[in-house]
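Visitor: One predicted model, sequence on top.
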Amino acid sequence: MKQLDARRKKLRYYPLLGALCYLVLGFLWITFSDQLLSALVTDAATLTRYQSYKGYTYVLLTALLAWLLLKQRLHFARSLLKSEYLLEQTIARAAAGIAHVNADGQFIRVNDELCNLLGYSATELLTMRFQQLTHPMDLSRDQGLLHEVLQGRRQSYTLEKRYLHKNGQIIWARLSVALIAETENSEPFFVSVIQDISDVKLTQMKLEESELRFRTLLDSMPTISVQGYDEEGKTLYWNKGSEKVYGYSRKEAVGRNLLDLIIPEKMQDGVREAINLMASSGEARHAEELTLRRKDGSPVTVYSSHAVIILPDKKPQIYCIDIDLTDYKQQEAQLAFLAQYDPLTHLPNRHYFANQLDQALKVARRENLQLAVLILDLDNFKNINDSYGHKTGDLLLQRVAEKLQICCRETDSLARLGGDEFAILIEHLDTPEDAARFAQELLQNLQQPMLLEQDLELSTAASIGISLYPTHHDNVEALLQGADSALYKAKSEGRNTYYYYSDQLTAQARQRLVLESRLRQAIKKQQLRCYYQPQLDIKTGSIIGAELLLRWQDPELGFISPDLFIPLAESSGLIHLIGQQVLQQACIQGQAWLNEGLPPITLAVNVSVQQFGRGDLEQQVKMVLAESGFPARLLELEVTESALMLDEEKVVLTMQQLRETGVRLAIDDFGTGYSSLAYLQRLPLDILKVDRRFIANMTANTDDRQIAKAIIELGHTLRFEVLAEGVETAEQLALLQEMACDYYQGYYFSKAVPAEEFRRLLLQQQPA
Ligand SMILES: Nc1nc2c(ncn2[C@@H]2O[C@H](COP(=O)(O)O[C@H]3[C@@H](O)[C@H](n4cnc5c(=O)[nH]c(N)nc54)O[C@@H]3COP(=O)(O)O)[C@@H](O)[C@H]2O)c(=O)[nH]1
């Protein structure tokens, strides 16, 4: 078009130029033709002849000029026609719609393609404006751009817009518009090239729609994180779920390496390796549960699956779909908790307790232990619920659970079986009475008022049923049922009490607990008295010492034998108090006699297994010696052979520590245990006491005599002194003298006597 215009412009001056040339040439020819001919032709005749041709040449020149102009004109007309033809064909055959539109939007020229596109004939279109055919939503943009072109702010524009087809359908088109400036012969107009992109648009829209659907779907599940990474781990994609799960916004995450975002330190190498492997092989890693890192550094457990996407001509991309398992894990833990624990008190439930009991039974069977199952039920709990409401009832149950927990040892197991019923498993039960003692303790504790809420203090009572393994039952179900029926008995017998599965045990336990309570009182009131049984030198017959033996005269129950109360004191723990008192009495009395001027004698004190095993005996001994001033070398500690059966190293160490205090050490009841010679050799002992059973029968029974003899010899071989216990007759004494035994004690000389009487014995043997 531009070329055509330039030519047109040039041609406009051609006739003027031709006429001017003609006038100039004619003038020159008329003015100078005679001189020119004269100069060229000397012959006058020829000159005249030529001058007569002057008019013809002028005509000839004019004709030549006219011919040249005509030819030029024809050439221009032909090329104009050719251009018009080419333009016409281009428009007609173009694969896109083409329209010329004037400044008002009126179609002034349209091609067939456009007619096809819009469904209108050319005649119809030429009566229309493009505004009529443009989708209302795209019109303002189209017109805006058109104005910008008209105002010279841009030369052309392209736009994707919607046309309305004659049949009402929407046609998506890509429009390219350029302004054709005004010419001499024509108004300015726009050339529009319109390409149908409906198919592309449809596909694109479908794609966008499916991506939108996909994104909306993923975004509607905030616990699902979808992330895309390049082959080096750089973040390419980060959905809303990722923001929620990991705490990084899309802006913060995209462009950063995943190792810096969500991978904990210890997983870095593994993840780096996995990315490399996936990128090079194109194969995704198997789905797995991972604990990754949130923006705030807290751990988050996710179920992570992966996909490797390789688009044509593109590098591999790795997509991760992580499902946040935090809620799931919490629920799982909650469920696991509820399966085993009671939600109100957080104690194990019946199911868990039964498992614990089952395990404990296995151990008890294997190690020959006793255990007890206690079922405790609150008395009249219903009244509390009815009077104060269920909230208060729940609070009471929680406080009771706390109290019971405090009473239990680490090795006991406490559970809530349901309602107001609790169960306790006591493992490693020493005696059946221990269970009753514990039950008694629980009942006393529950009677103490409990603060439930401000201004509301309540106390409660309970009934307890006890069944024992192996005494009563040997399996979980039977033990629980046994405890339950004992509980029923306790309830029907007046409540706030305990019952064993068997009545005999209940009576026995009650008796023992009454005794225990009286013993406690006796210790408090210092009613236990030390008696002294003389120990004599076999060769000289002189008193060299005494064994302190406790005597208990209860004001109501009368004389109670140490054989009864010492084991009770041992199982209740009271033995520590008793042991302390005896030790003190021995040292104070011994020192008093020394002060009085009596001959120095050894005072032997019995030390029970419990005292020996507790670890503070050495300190206790040191303290008592220091307080009393009694010489350590005159104090003898008697340890039974069974006490030596504790942990060997511990026994050796304790003995050594005691020996360092300066006291003498004796092994009591020797011959009843299983001490090996090697073991005895390691112990820093001074004296070995032959058990009275061997002495009692030695005169009648040769075996016992031989044993007694062997023990005495063994003691001497090990460089110990030997004392024979329970010597009742002169015959026994004579035999012991023969066997070279060093010392003896027994009824033959004296029973254990009160301190005053023993003092008299001592004085009697003093030289006058
Ligand atoms: N840990 C402590 N144990 C103590 C204490 N006081 C006593 N006991 C132990 O109690 C058991 C019974 O003691 P007891 O009834 O006093 O009997 C002792 C003697 O009375 C008795 N004995 C002494 N001589 C004879 C005798 O000739 N014949 C005979 N039948 N019995 C006699 O032997 C008991 C002393 O035994 P032992 O201690 O083994 O030397 C008893 O085991 C006491 O140890 C105490 O304070 N702490």
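Guide: Received it, and whenever you're ready, just let me know what you need.
Visitor: can you give me the offset of the longest helix seen in the chain from its chain's centre?
Guide: Across the chain, the helix with the greatest residue count (assigned by DSSP state H) is helix 44-93. Centre-to-centre, helix 44-93 and its host chain are 104 Å apart (CA atoms, centre = their mean, to the nearest Å).
Visitor: Quick one: name whatever helix or strand follows that helix.
Guide: Note on helix 44-93: by DSSP states H and E, the next helix or strand toward the C-terminus is strand 97-102.
Visitor: what angle sits between that following strand and helix 44-93?
Guide: 110 degrees (axes from the mean of the first three to the mean of the last three CA atoms, to 10 degrees).
Visitor: Just the buried residues of the next helix or strand after strand 97-102, please?
Guide: Later in the chain than strand 97-102, the nearest helix or strand by DSSP H and E is strand 107-110. Judged by neighbour count using 16 or more other CB atoms under 10 Å, the buried positions of strand 107-110 are 107, 109-110. Just so you know, the C-beta spots here come from the backbone N, C-alpha and C atoms, and that holds for glycine as well.
Visitor: residues in the stretch 401-550 of the chain within reach of the ligand, list them.
Guide: Listed as neighbours of the ligand in the stretch 401-550 of the chain under the rule CB under 6 Å from any ligand atom: 533, 547-550.
Visitor: Stretch 426-439 spans what distance, first to last residue?
Guide: 11 Å (CA to CA, to the nearest Å).
Visitor: contact partners of it?
Guide: 360, 363-364, 369-374, 376, 407, 411-413, 424, 464, 466, 468, 471, 498, 500, 505-506, 508-510, 512-513, 516, 571-572 (CB atoms under 8 Å, 6 or more residues apart in numbering).
Visitor: Can you tell me which of those are buried?
Guide: 360, 364, 369-374, 376, 407, 412-413, 424, 464, 466, 468, 471, 498, 500, 505-506, 508-510, 512-513, 516, 571-572.
Visitor: Just those residues: which are in helices?
Guide: Going by DSSP H, the helices hold 360, 364, 407, 505-506, 508-510, 512-513, 516, 571-572 from those.
Visitor: Nearest to the ligand: which residue in the stretch 1-150 of the chain?
Guide: Met137 (105.5 Å; CB to the nearest ligand atom).
Visitor: tell me the secondary structure for the nearest residue to that residue once chain neighbours are set aside?
Guide: Nearest residue to Met137 in three dimensions, chain neighbours excluded: Arg162, at 7.2 Å (CB to CB, 6 or more residues apart in numbering). Put simply, Arg162 is strand when judged by DSSP: H, G, I helix; E, B strand; the rest coil.
Visitor: what's the answer for His428, then?
Guide: strand.
Visitor: and it, how far is that from the ligand?
Guide: As for His428, its distance to the ligand is 22 Å (criterion: CB to the nearest ligand atom, to the nearest Å).
Visitor: Please enumerate the strands of the stretch 551-700 of the chain.
Guide: For the stretch 551-700 of the chain, applying DSSP state E, counting those that start in this stretch gives strands covering 558-560, 602-607, 635-640, 664-670, 687-690.
Visitor: Would you mind naming what in the chain lies close to the ligand?
Guide: 533, 547-550, 561-563, 566, 582, 606, 608, 668-669, 692, 725-726, 728, 746-747, 752.
Visitor: Show the buried residues in the residues you listed.
Guide: Of these, these count as buried by 16+ other CB under 10 Å: 533, 547-550, 562, 566, 582, 606, 608, 668-669, 692, 725-726, 746, 752.
Visitor: Now, those that are in helices?
Guide: Checked against DSSP H, these include these in helices: 562, 566, 582, 692.
Visitor: Export those to a markdown table and append columns for pLDDT.
Guide: A markdown table is the format used below for these (pLDDT from 0 to 100):
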| residue | pLDDT |
| --- | --- |
| Pro562 | 96 |
| Ile566 | 93 |
| Val582 | 96 |
| Arg692 | 92 |
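Visitor: partners of Leu451 in the sheet?
Guide: With DSSP bridges as the criterion, Leu451 is bridged to Glu457.
Visitor: scratch that, Ile466
Guide: Following DSSP bridges, Ile466 is listed with bridge partners Leu374, Tyr500.
Visitor: How many residues are close by the residue nearest to Glu648 when sequence neighbours are not counted?
Guide: In space, Glu648 comes closest to Tyr679 once its chain neighbours are excluded; the distance is 6.6 Å by CB to CB, 6+ apart. Residues lying near Tyr679 (other CB atoms under 10 Å) number 14.
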